[in-house]
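Colleague: next one to model:
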Amino acid sequence: MEQSERKKLKEGLELFLNEGLERLTLSHPADPSGCSRSRIRPLLLKGELVFQAEEQVGRQAFHRNMTKEQAVSYICEMLDGTLRQAEMSGGWGTGVVLVSKKGKVTVKLRRKAARENMAEEANTAKIRPQFQEASALLEHNRRKRYILEEGRPVPFLIDLGVMTAEGKIIRSRYDKYRQINRFLEFIEDILPHLNASRESVILDFGCGKSYLTFAMYYYLRELKGYPVRIIGLDLKEEVICRCSALAETYGYDRLSFFCGDIASYEGVNQVDMVVTLHACDLATDYALEKAVGWGAKVILSVPCCQHELNRQINNPLMSPIMGYGLIKERMAALYTDAIRAQVLEYEGYRTQILEFIDMEHTPKNILIRAVRQDKKGSCENSRKKMGEQLRSLLAFLNAEPAIVRLLAPELILKEPPIDALS
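Modeller: Reported below is the predicted structural model:
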């Protein structure tokens with residue numbers, strides 16, 4: 001990138017990298033095996049405005065927080081050989097950056113209509129102060145970025161104690177509010193896989209107080225108009241009774257709740273999407289087995305309390321590090337989720353492991369997102385290789401995780417591992 005092009009790009013970024021930023025996406029990778037996309041959004045961390053980049057590399061997402069200056073340098077570097085396009089929108093207007101195969105950079109900016117009467121020669125220094133006002137404006141813009149906006153009363157959020165009747169978020173429940181909106185972002189991403197012309201059946205295993213179940217129904221049916229039927233399932237009868245009463249109060253006639261066990265539930269024959277959030281230990285595995293058995297198009301799973309592999313792992317080579325209980329517990333949990341994701345790949349899903357919510361808010365922050373692929377049969381060689389790799393990994397760990405026993409028993413070791421669960 002030439003110096004003059006870099007200068008023009010930086011001047012354009014100055015118009016968007018502020019609290020009014022709505023969207024900034026870098027895409028069109030030069031090398032498909034590297035970073036394929038980076039989405040940048042503004043955040044308030046400890047009262048300071050920062051910019052968070054979410055990089056997509058293969059099936060993984062990586063996050064980094066940056067100051068404005070760092071964000072400008074980051075975007076310039078990414079567009080200098082890694083990615084070839086940037087799309088921006090914010091309070092000022094919209095912008096597109098295109099990088100040709102030969103490296104020529106084209107920056108196209110367009111002001112919003114309301115600003116087109118301003119003097120054509122208005123420079124960045126005259127525009128920027130309008131976006132750098134007091135924290136009240138910052139809070140306003142921050143609220144606008146949430147799918148469920150603060151200031152607009154939502155009945156279920158009021159009754160569940162997250163929002164006041166005036167639409168203000170209760171301070172002690174702000175983390176829950178952010179978690180709900182983050183979850184809805186994942187739902188938004190999978191909308192292309194749901195049929196907008198026929199009713200889709202969605203099951204939420206271990207729904208608990210159903211903050212996210214109600215949010216999912218409200219977003220899909222009330223805001224987006226998708227014909228969905230959502231079923232919440234939990235073992236606690238008093239919770240199910242309360243959620244059923246709330247659904248009836250709101251007139252959510254396609255949202256129902258039942259008391260039951262994940263492994264034995266037989267209430268439906270066909271399911272389009274399965275959600276399992278914080279289902280403890282093996283409950284996640286039984287939910288994934290059900291989802292695959294139904295041929296669910298989409299699976300969203302946030303595992304919790306992965307104890308099984310912690311008891312099974314037995315490899316002398318790893319004993320120097322596995323002697324530390326905390327390290328073994330955390331490694332076993334990560335191994336468990338990675339194996340779950342790989343078994344879903346083996347069963348014909350495209351799987352990603354994503355950050356559900358910032359670690360500072362909850363340690364249970366891994367989300368497994370799996371989308372069924374239509375060409376499972378045409379990838380038999382790849383599936384066979386994946387099976388061999390999984391079998392080798394299980395032999396190395398001397399383990400038989402429940403997800404393998406349930407969905408891919410052919411990969412189980414001939415000799416059972418020590419302390420394997422029955």
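Colleague: could you pull out the helices in the stretch 301-422 of the chain for me?
Modeller: Assigned by DSSP state H, counting those that start in this stretch, the stretch 301-422 of the chain shows helices spanning 308-312, 319-322, 325-346, 380-397, 402-407.
Colleague: so what secondary structure elements neighbour the third one?
Modeller: Contact here means 3 or more CB pairs under 8 Å, 6 or more residues apart in numbering; DSSP states H and E; on that basis helix 325-346 packs against helix 282-294, strand 298-304, helix 308-312, helix 319-322, strand 349-355, strand 366-372, helix 380-397, helix 402-407. C-beta coordinates here come from the backbone N, C-alpha and C atoms, glycine included.
Colleague: residue 182: which of the helices of the stretch 301-422 of the chain is closest?
Modeller: helix 325-346 (18.0 Å; CB to CB).
Colleague: residue contacts, residue 349?
Modeller: Taking CB atoms under 8 Å, 6 or more residues apart in numbering, we find residue 349 in contact with 292, 299, 370, 371, 372, 373.
Colleague: before we move on, the earlier item: the helices and strands packed on helix 325-346 into a markdown table, with extra columns for mean pLDDT?
Modeller: Listed next are the helices and strands packed on helix 325-346 as a markdown table, based on pLDDT from 0 to 100:
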| stretch | mean pLDDT |
| --- | --- |
| helix 282-294 | 90 |
| strand 298-304 | 90 |
| helix 308-312 | 88 |
| helix 319-322 | 88 |
| strand 349-355 | 91 |
| strand 366-372 | 92 |
| helix 380-397 | 89 |
| helix 402-407 | 93 |
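Colleague: between these, which gets nearest to residue 246?
Modeller: Across these, closest to residue 246 is strand 298-304 (CB to CB), at 22.1 Å.
Colleague: any idea of the angle the closest one forms with strand 349-355?
Modeller: 40 degrees (axes from the mean of the first three to the mean of the last three CA atoms, to 10 degrees).
Colleague: strand 298-304 pairs with which strands, parallel or anti?
Modeller: strand 273-280 (parallel), strand 366-372 (antiparallel) (DSSP bridges).
Colleague: hang on, the earlier thing: mind putting the helices of the stretch 301-422 of the chain in JSON lines, distance to residue 168 included?
Modeller: Below are the helices of the stretch 301-422 of the chain laid out as JSON lines (distance: least, CB to CB, whole Å):
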{"stretch": "helix 308-312", "distance to residue 168": "43"}
{"stretch": "helix 319-322", "distance to residue 168": "48"}
{"stretch": "helix 325-346", "distance to residue 168": "36"}
{"stretch": "helix 380-397", "distance to residue 168": "49"}
{"stretch": "helix 402-407", "distance to residue 168": "43"}
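Colleague: so which of those helices comes closest to residue 71?
Modeller: helix 325-346 (29.7 Å).
Colleague: what sits against residue 59?
Modeller: Contact analysis of residue 59 by CB under 8 Å, 6+ apart lists 341, 350, 351, 352, 353.
Colleague: how about the first one, nearest residue that isn't a chain neighbour?
Modeller: Across the structure, with CB to CB, 6 or more residues apart in numbering as the measure, the residue nearest residue 341 apart from its sequence neighbours is residue 351 (4.5 Å).
Colleague: what about residue 70, neighbour count?
Modeller: Residue 70 has 14 neighbours, counted by other CB atoms under 10 Å.
Colleague: for the stretch 151-300 of the chain, just list every one of the strands.
Modeller: 200-205, 228-234, 255-259, 273-280, 298-304 (DSSP state E, counting those that start in this stretch).
Colleague: and the residue nearest to residue 72 when sequence neighbours are not counted, how far from residue 51?
Modeller: Of all residues not flanking residue 72 in the chain, residue 13 sits nearest, at 5.2 Å (CB to CB, 6+ apart). Using CB to CB, to the nearest Å, we find residue 13 at a distance of 10 Å from residue 51.
Colleague: what touches both of those two?
Modeller: residue 71.
Colleague: quick one on the thing from earlier: list only those of the contacts of residue 59 flagged as buried.
Modeller: 341, 351, 352, 353 (16 or more other CB atoms under 10 Å).
Colleague: if I look at the residue nearest the centre of the chain, what pLDDT would I see?
Modeller: The centroid of the chain falls nearest to residue 186 when counting by CA atoms, centre = their mean (4.5 Å). On pLDDT, residue 186 comes in at 90.
Colleague: lowest confidence element among the helices and strands of this protein?
Modeller: None of the helices or strands of the chain scores lower by mean pLDDT, DSSP states H and E than helix 124-127, at a mean of 41.
Colleague: low pLDDT regions in the stretch 51-200 of the chain?
Modeller: Of all residues in the stretch 51-200 of the chain, those with pLDDT under 70 make up the ranges 113-145.
Colleague: show me the helices in it, by range?
Modeller: Using DSSP H, counting those that start in this stretch, helices in the stretch 51-200 of the chain cover 68-78, 124-127, 135-144, 155-159, 174-189.
Colleague: one step back: distance to residue 65 added to the buried ones among the contacts of residue 59, as TSV?
Modeller: Putting these into TSV (distance: CB to CB, whole Å) gives the following:
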residue	distance to residue 65
341	26
351	26
352	21
353	20
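Colleague: which one of these is nearest to residue 56?
Modeller: The shortest approach to residue 56 among these belongs to residue 352, at 8.6 Å (CB to CB).
Colleague: could you report the neighbour count for residue 213?
Modeller: 26.
Colleague: these two touch, right, it and residue 256?
Modeller: No - between residue 213 and residue 256 there is no contact under CB atoms under 8 Å: 10.3 Å.
Colleague: hang on, the earlier thing: neighbour-wise, give me the winner out of the contacts of residue 349.
Modeller: Among those, the one with the most neighbours (other CB under 10 Å) is residue 370, at 27 neighbours.
Colleague: and that residue, bridged to which residues?
Modeller: residue 299, residue 351.
Colleague: need the strands paired with strand 298-304 in a markdown table (columns: distance to residue 286).
Modeller: As requested, the strands paired with strand 298-304 are arranged in a markdown table below (distance: least, CB to CB, whole Å):
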| stretch | distance to residue 286 |
| --- | --- |
| strand 273-280 | 8 |
| strand 366-372 | 15 |
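Colleague: between these, which one is closest to residue 159.
Modeller: strand 273-280 (19.5 Å).
Colleague: angle of the closest one against helix 282-294?
Modeller: In terms of direction (the same axes, to 10 degrees), strand 273-280 departs from helix 282-294 by 160 degrees.
Colleague: that older thread, the residue nearest to residue 341 and residue 345 touch, don't they?
Modeller: Yes - Residue 351 is within contact range of residue 345, at 5.1 Å (criterion: CB under 8 Å).
Colleague: before we move on, back to that, so for residue 237, which of the helices of the stretch 301-422 of the chain sits nearest?
Modeller: Across those, closest to residue 237 is helix 402-407 (CB to CB), at 26.1 Å.
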